[in-house]
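J.: Fold the following.
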Amino acid sequence: MRLRDVRGDDVDAYVRMRCDPVMMGDLGGPLPREGIDDKVRRDVRRAAADVDWIKMIVPDAAAPDVVAGTVTMWSHDDRVGGGAVTEIGWMVLPEFQGRGLGGLAVRTLLEQARDDGRWGVVHAFPATGNGPSNAICRSLGFRFVGECPVTFADRVLRTNHWTVDPGRDLTRR
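T.: I've put the predicted structure just below:
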């Protein structure tokens, strides 16, 4: 498994992840297809500028055009108390689920964050009913903060709030 920056030709992967009712079940339902091309262009620009880390999960380096999902780290204003927080999120396409790719991708990005040093404490907000994503948080040493409502795409979601400090909590392999 390797991570690579999002590219302009990743539109199909974004559509499969964001416009699919099953993939988006925990995120309030599918997003409309309109706007996905613009979202990819914005993400490519933000990744190229090193503002956000928007990585595509490539399960096999020998097949670099095959994408299993995405893992992203970005900073934004705290929803409650103001100030900036760093958030991580991930999605893995159904045919790649259950292989450990999501956990490996999250761990890899957290290791990069630890080595980079700029991100600080990282927050994750998986849906309360998303067992696999919550299991990734537990297995990687995230601390459970509590349940937290989160707005995503104008939808209020019931999520679990987890935090991890990559510099302190991730051991080197």
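J.: For this structure, just list every one of the strands.
T.: Under the criterion DSSP state E, the chain carries strands at the ranges 2-5, 53-58, 69-77, 84-92, 122-124, 143-152, 155-164.
J.: doesn't residue 4 make contact with residue 64?
T.: Yes: with the criterion set as CB atoms under 8 Å, residue 64 and residue 4 qualify as a contacting pair; they are 7.2 Å apart. In this view, the C-beta of every residue, glycine as well, is placed from N, C-alpha and C.
J.: do you know which of the strands of the chain lies nearest residue 20?
T.: Counting by CB to CB, residue 20 lies closest to strand 84-92 out of the strands of the chain; the figure is 9.9 Å.
J.: what lines up beside that closest one in the sheet?
T.: If you go by DSSP bridges, strand 84-92 pairs up with strand 69-77 (antiparallel), strand 122-124 (parallel).
J.: which outside residues touch it?
T.: Counting by CB atoms under 8 Å, 6 or more residues apart in numbering, strand 84-92 makes contact with 17, 23, 57, 68-78, 101-102, 105-106, 109-110, 113, 119-125, 133, 136, all of which sit outside it.
J.: how about residue 103, what does it touch?
T.: The neighbours of residue 103, taking CB under 8 Å, 6+ apart as the test, are 135, 136, 139, 140.
J.: Check those against residue 9 and report the nearest one.
T.: Taking CB to CB as the measure, residue 9 lies nearest residue 136 of these, at 27.4 Å.
J.: residue contacts, residue 122?
T.: For residue 122, the set of contacting residues under the criterion of CB under 8 Å, 6+ apart consists of 73, 86, 87, 88, 110, 113, 163, 164, 165, 166.
J.: Now render the strands of the chain as CSV, adding mean pLDDT and distance to residue 28.
T.: Putting the strands of the chain into CSV (pLDDT from 0 to 100; distance: least, CB to CB, whole Å) gives the following:
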stretch, mean pLDDT, distance to residue 28
strand 2-5, 97, 26
strand 53-58, 98, 21
strand 69-77, 94, 18
strand 84-92, 95, 14
strand 122-124, 97, 17
strand 143-152, 93, 6
strand 155-164, 95, 3
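J.: Using TSV, lay out the ones you listed together with distance to residue 35.
T.: Formatted as TSV, the entries for those read as follows, by distance: least, CB to CB, whole Å:
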stretch	distance to residue 35
strand 2-5	21
strand 53-58	16
strand 69-77	17
strand 84-92	17
strand 122-124	25
strand 143-152	14
strand 155-164	15
